[in-house]
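*Asks:* pasting a predicted model and its sequence here:
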Amino acid sequence: MKAYWQLTLAQLRLFARNKQVLFWSLGFPVFFMLVLGSFMGGGNGISLNGLLIDQDRSEASAKISQSLLQNSALQMEAADDVEAALEQLKKGDIELVVLLPAGLEDDMASLAAQIQLYTNETNRTVSDLAVTLVVQAADALSKEAVGYTPAITVQAQGVESLNLGYIDFLVPGIVAMMIMNNNLNGVAGQIASWRERGILRRMQSTPLKASSFIAAQITARLLLNGLQAVIVLLIAQGVFGTQMRGSWLLLIFLVVLGTLAFMSIGFIIAGLAKTPESAGPIAGFVSFPLLFLGGVFFPISNMPDFLQPIVKLLPIAHLSTGMRQVMNVGAGLGDIAGDVLLLTGWLIAAFAAASLTFKWE
């Protein structure tokens, strides 16, 4: 037991003395979160910039102008010069131009009225959204003109508003990314380096048990990861106002489970890598795709359908999803049981494989 505690403290001292490790394991994720959160974390709303040109100057055109100008999804400004407006659209300064032509109100009587909408087709998503918003405004005016009364109406009633922004999605993903990098890349590189330098061989020649060595590594990294996760979450709360709606204990449990799972994978890579130089590329080959396939920066549901069954088997996908459910929704253990079971399965399978591939020399 004494050797276990000494090794744990020695490992923590190594972390504290290595400034590069501290930066890449904690400083870089915090910096990454602050940058992305500052630019993209203000909310999840969509707003299109455009110009509105009213050449009709009638009561009907005034109504549709008011509808477009008051739409929160559109940031419209009045303009007069059509050619100048289209030039701004081509340059990408705006996303749409709405032209209400002269004679619009007169043409409504003969059901021949048309609104001209100009969009930049290089961004089809924005173009389609602009068409939808303008069509809705025109449709409302058309129904009012003919006295249309809907036979069926929809009554929408909100049960609970979470008011979540991109930063609320991002922070759990950043913590999951940090856990993966610290343990998968960190363990693989450190163990491979110690093996090459003969440190593991000298440890093996002492009365030290392998179980004590591995337990000390696990404890030190658990303490480090837990502290780093809390620091990142507190910074996110202080800077961006993110909330913790669930249990801190359950969140720490996920941090522990994720740490153990990725440590086991790191030991596998350390066992397969013959040199520290090869350990880094192998770890990067594994971890880099997981950053983009594991739901760290954008939802898994946005990925192609053929990829989703594969992605849903990845450990980081369930670690980030479980943490989001706890933080953003206040989920309990029963709600994230599937994520916990899959992470546990990865832990057991990776630990068994690590036991077979780990070498002292």
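*Replies:* Here it is on my side, so go on.

*Asks:* A helix includes Leu200, no?
*Replies:* Yes. Assessed by DSSP: H, G, I helix; E, B strand; the rest coil, Leu200 belongs to a helix.

*Asks:* any idea how far Gln190 is from it?
*Replies:* For Leu200, the distance to Gln190 equals 11 Å [CB to CB, to the nearest Å]. For every residue, glycine as well, the C-beta is placed using N, CA and C.

*Asks:* ditto for Leu184
*Replies:* On the measure of CB to CB, Leu184 and Gln190 end up 12 Å apart.

*Asks:* more neighbours: these two, which one.
*Replies:* Between Leu184 and Gln190, counting by other CB atoms under 10 Å, Leu184 is the more crowded of the two (26 against 21).

*Asks:* helix, strand or coil for the more buried one?
*Replies:* Under three-state DSSP, Leu184 comes out as helix.

*Asks:* with Gly50 instead?
*Replies:* On the three-state scheme (three-state DSSP), Gly50 is labelled strand.

*Asks:* how about Pro78, phi and psi?
*Replies:* No Pro there; residue 78 is Ala. With angles defined as degrees, to the nearest 10, Ala78 sits at phi -70, psi 140.

*Asks:* for it, which residues are in contact?
*Replies:* Contacts for Ala78 were tallied using CB atoms under 8 Å, 6 or more residues apart in numbering; they are 51-54, 65, 69.

*Asks:* taking those, tell me the two that lie furthest apart.
*Replies:* Ile53 and Leu69 (12.6 Å; CB to CB).

*Asks:* neighbour count: those two, which is higher?
*Replies:* A side-by-side neighbour count of Ile53 and Leu69, using other CB under 10 Å, places Ile53 first with 20 against 14.

*Asks:* so the more buried one lies in a helix, does it not?
*Replies:* No. Looking at Ile53 with three-state DSSP, it is strand, so not inside a helix.

*Asks:* relative to Ile94, how far out is it?
*Replies:* Taking CB to CB, one finds Ile53 at 12 Å from Ile94.

*Asks:* can you check Phe298 too?
*Replies:* Plainly put, Phe298 is 26 Å away from Ile94 if you go by CB to CB.

*Asks:* what about those two, which has more around it?
*Replies:* Using other CB under 10 Å as the criterion, Phe298 and Ile94 rank with Ile94 on top: 22 against 13.

*Asks:* surely that one is within a helix?
*Replies:* No. In this structure, Ile94 is coil, not part of a helix, as judged by three-state DSSP.

*Asks:* which residues touch it?
*Replies:* 49-51, 85, 88.

*Asks:* looking at those, which two lie furthest apart in space?
*Replies:* Asn49 and Ala85, at 11.7 Å, using CB to CB across these.

*Asks:* and the two? which has more neighbours close in?
*Replies:* Legend: neighbour count by other CB under 10 Å for Asn49 and Ala85, higher for Ala85 (22 against 14).

*Asks:* and stretch 106-115, what's buried?
*Replies:* For stretch 106-115, burial by neighbour count (16 or more other CB atoms under 10 Å) applies to 108, 113, 115.

*Asks:* show me what secondary structure element comes after the strand or helix carrying the first one.
*Replies:* Taking DSSP states H and E as the definition, Met108 sits inside helix 104-109. On the C-terminal side of helix 104-109, the nearest following helix or strand under DSSP H and E is strand 116-119.

*Asks:* pLDDT of the following helix or strand past that next one, averaged?
*Replies:* Going down the chain from strand 116-119, the next helix or strand is helix 124-146, by DSSP H and E. For helix 124-146, mean pLDDT is 77.

*Asks:* what's the closest non-adjacent residue to the residue positioned nearest the centre of the chain?
*Replies:* The centre of the chain sits closest to Phe297, judged by CA atoms, centre = their mean, with a distance of 2.8 Å. Nearest residue to Phe297 in three dimensions, chain neighbours excluded: Gly173, at 6.3 Å (CB to CB, 6 or more residues apart in numbering).

*Asks:* just give the number of residues close to that neighbour.
*Replies:* Using other CB under 10 Å: Gly173 sits among 23 other residues.

*Asks:* follow-up on the earlier one: any shared contact partners between Ile53 and Ile94?
*Replies:* With CB under 8 Å, 6+ apart, Ile53 and Ile94 have common neighbours Ala85.
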